[in-house]
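Student: Predicted model, plus sequence, below.
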Amino acid sequence: MRLRLHRSWPRWGPPSTPIRSPSRAPRRHRTSVNLIHLATNIKVDLFVVGGDGPGVIQIQRHQPRQLSEDPASVVFFHSHEDILLQKLQWYRAGGEVSDRQWRDVLAVARVRGKGLDRDYLSRQARVMGVADLLGRLMSAAGLT
């Protein structure tokens with residue numbers, strides 16, 4: 001897999017770790033890399049998305065955001081729902097002990113509140129095996 005970056009790459013520090021192709025890495029080793037914008041010290045995490053069902057749906061649901069007036073400055077972000085689901089998976093994979101992951105999902109759920117696509121969350125949580133965690137999250141966020 002090749003990482004292609006916009007012409008602004010020289011303003012960013014090198015990736016902290018190499019990116020491995022998800023097709024060659026076991027699922028548990030799908031990796032991330034971060035870039036640091038040298039002028040502002042802003043860190044951006046890039047995650048390799050799998051080619052499985054949830055990964056494909058996440059890519060289809062990505063949302064473009066233009067970062068400046070430059071038309072080439074469009075960056076794609078995952079939806080809030082997909083971020084919640086991914087973090088719930090990480091929380092489960094980590095033995096459900098990470099206060100950081102739980103605080104993150106709770107904060108997103110509280111801020112987005114009724115704006116979350118609850119039907120999508122429920123469907124995907126069942127597919128991803130985190131429906132019970134989603135239920136706990138919605139209760140904790142006061143969204144039940």
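Tutor: Arrived safely.
Student: so what's the residue nearest the centre of the chain up against?
Tutor: Central residue of the chain (C-alpha atoms, centre = their mean): residue 83, 4.4 Å from the mean position. Neighbouring residues of residue 83 by C-beta atoms under 8 Å, 6 or more residues apart in numbering: residue 108. Glycine gets a C-beta too; all of them are placed from N, C-alpha and C.
Student: among the helices and strands of this structure, which has the poorest mean pLDDT?
Tutor: Ranked by mean pLDDT, DSSP states H and E, the weakest helix or strand in the chain is helix 53-60, scoring a mean of 72.
Student: Show the residue spans covered by the strands in the protein.
Tutor: Taking DSSP state E as the criterion, the chain carries its strands at 32-37, 42-47, 63-66, 74-77.
Student: Let me know how buried residue 90 is, in neighbour terms.
Tutor: 15 (other C-beta atoms under 10 Å).
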